[in-house]
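Colleague: Okay, sequence plus prediction incoming.
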Amino acid sequence: MTLELRIFEKLQVFQKSLSSKAMLTNKNSFSTSEKITLVHSGEDYFSRLESLIFKAQTEIHIQTYIFDYDTTGKKIIAALQKAASRKVKINILIDGFGSLSFPTEIINELKNEGIDIRIFSPFFSLNSLYIGRRLHQKIVVVDAKTALIGGINIADKYHGTEKTAPWLDYAVEINDENIAESLQKLCRDIYFKNRIIRRKKIISNYENGQVNSISVLQNDWLKRKNEIFKTYINKINTAEKEIVIVSSYFLPGKKLINTLKNASQNNVSIKLILSGISDVPMARRASCHLYSKLLRYNIELYEWKKSVLHGKSAVIDSNWTTIGSFNLNNLSSYASIEMNVAIDSAEFATDYLVHLHEIIAQCERITPETLKLTFGLTSKFNNWVSYWTARTIEIMVTYLPHKRFRKLY
C-alpha cells in the first residue's frame, strides 16, 4: 500500500469519526509507540501535565518561557503544591522576560511551601539589563521516567476555553527512562547554573517496533549547541520527496531560505503552514514580505486563521519528524535556549501528516493571484518596513545576547 493511499484512507476515517470542533481542539492524540506520543495544545496537553504531577513520587522539573498566573497557571500551581506536600522535590525555571508578569508574592509563597522556583535572566536586576538570551524551551521531566517537550507554554491561551480555540501547537510525551534521566540531569545543570553543561547527545535507538530512534536536539549558541538548526539544514538538504513545515514567527535567514530553494529545485514538494493570525502582528507582516520570493521557488504557502498558530514542527519524506520550541528565525538559532525532539519513525510521521493535511484543508492557500489581491502597495510597504525592522531587532538581540549595562558604582 502506497503512503498516499494510507494517508487518504486515514483521512476518510478521521473525517467520519471526528467532528470539526474535535479536529480543532485535537483531543485525540496519535500514538505509534509506548515510547512517544504526539500531544496537542488544549486539554490534551494540560490534562497530561496535571496527571504527571499528581503521579510524581520523587522529582519534577519544569522549564518554560511563559508561566502565566491565570486559570490554567493556577491549576498547575495547585497540582504542584499537592506534590510538594507529598515531599516531591520540585524545580521550576521560568524566563525573566516571557514570565515577567508572574507575581513575586506567589514565587515567595511557593518557596515557603518547599518548591524551588527561579527566574532565568531577570530582564531587570539590581545591576544589569539582560537582553537576547532567553529560556525558550518548554520541558517537563517527572521522576526521571517521563518527559513532555514541545512549544506549549503554561497559560490560558494554550489551553483554550469553551468559546475560544487554543493556540495551535504541539508537544510530545516521551516514556523512555534513558532519555528522561538524561533530561533530568540537564535540567538540574541549567537550574543550578552549572558552568559545564553536559554535552552528551540524548538519543535512544530501537531495533524493533514502529520507532527507530528518538533524539533530543538542543540549541544554545552560547554553550556551542546548534543541533536543531544544523539538523533542519541537513534534513532539508537530503530530502527526496516532501517537506511539510509548521512555523510561527517565520523569518529565516538566507541560509535556510537558500536550502529550501535548492530542495524545491530538486523537485521536492514543500508546504509551509504559517500564521494567518499572530500575537505579534509585525512578525506576521515581516513573514508576508517573503511570500513572493517563496512562491517563485514553487513553495506552497498556507495560512492558519482559526486561532493563533504557535507550532514549530516539520515532517520530511514521511519518515522523520521534529517538534519543539525552535522557531525558524535567528532568535532561535543564535540567541535563545531551545529544545526539539526528532523522531525517526515512518508510522509516527504518517499519523502526524494525516493531522497536518486536515490542518491544511482548513487553511487559506496563498498563491500569486491571492497575493496580488491581498497586498496592495501600502500593504507591501508595511510588510517591507516590518521585515527590516524585525531583522534589525534580531541582529541587535542576536549579536548582543550577553551584554550587560552595569551601573557605574
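Modeller: Structure's in. What do you need?
Colleague: any idea of the mean pLDDT in the one helix or strand residue 76 maps to?
Modeller: Residue 76 belongs to helix 71-85 when elements are defined using DSSP states H and E. Mean pLDDT, helix 71-85: 98.
Colleague: outside of that helix, which residues touch it?
Modeller: Outside helix 71-85, the residues within contact range by Cβ atoms under 8 Å, 6 or more residues apart in numbering are 46, 49-50, 53-54, 56, 60, 67, 69, 90, 92, 106, 110, 113-115, 154-156, 158-159. (Glycine included, C-beta is placed from N, CA and C.)
Colleague: Now list the buried members of those.
Modeller: Neighbour-count burial (16 or more other Cβ atoms under 10 Å) is assigned, among those, to 46, 49, 53, 56, 60, 67, 69, 90, 92, 110, 115, 154-156, 158-159.
Colleague: Quick check, pLDDT for the spatially closest residue to residue 233 that is not a sequence neighbour.
Modeller: Nearest residue to residue 233, sequence neighbours excluded (Cβ to Cβ, 6 or more residues apart in numbering): residue 259, at 5.5 Å. Residue 259 carries a pLDDT score of 97 in this model.
Colleague: Also the one 10 residues further on?
Modeller: According to the per-residue confidence, residue 269 scores 98 in pLDDT.
Colleague: how many other residues sit next to it?
Modeller: The burial count assigned to residue 269 is 14, neighbours taken as other Cβ atoms under 10 Å.
Colleague: got it, and residue 345?
Modeller: Residue 345 is flanked by 23 other residues according to other Cβ under 10 Å.
Colleague: what pairs with residue 225 across the strands?
Modeller: Beta-bridge pairing of residue 225 under DSSP bridges involves residue 220.
Colleague: Now name the helix or strand holding the residue nearest to residue 233.
Modeller: Per DSSP H and E: residue 259 is located in helix 254-265.
Colleague: in its sheet, what does the helix or strand following that helix sit against?
Modeller: Helices and strands here follow DSSP H and E; after helix 254-265, the next one along the chain is strand 269-275. According to DSSP bridges, strand 269-275 forms sheet pairs with strand 242-247 (parallel), strand 300-304 (parallel).
Colleague: out of those, deepest packed?
Modeller: Greatest average neighbour count among these goes to strand 242-247 (a mean of 22), per mean count of other Cβ atoms under 10 Å.
Colleague: List the buried residues in the helix or strand containing residue 391.
Modeller: Using DSSP H and E, residue 391 maps to helix 377-399. Judged by neighbour count (16+ other Cβ under 10 Å), helix 377-399 contains these buried residues: 382-383, 386-387, 390-391, 394, 397-398.
Colleague: Ignoring the adjacent residues along the chain, who's closest to residue 34?
Modeller: residue 175 (6.1 Å).
Colleague: Report the separation between that neighbour and residue 50.
Modeller: 17 Å (Cβ to Cβ, to the nearest Å).
Colleague: Residue 276 is in contact with residue 364, correct?
Modeller: Yes - using Cβ atoms under 8 Å, residue 364 is in contact with residue 276, at 6.2 Å.
Colleague: any idea which helix or strand comes after the helix or strand of the chain with the lowest mean pLDDT?
Modeller: Across the helices and strands of the chain, mean pLDDT, DSSP states H and E gives its lowest value to helix 20-25, namely a mean of 38. Next helix or strand after helix 20-25 toward the C-terminus (DSSP H and E): strand 36-40.
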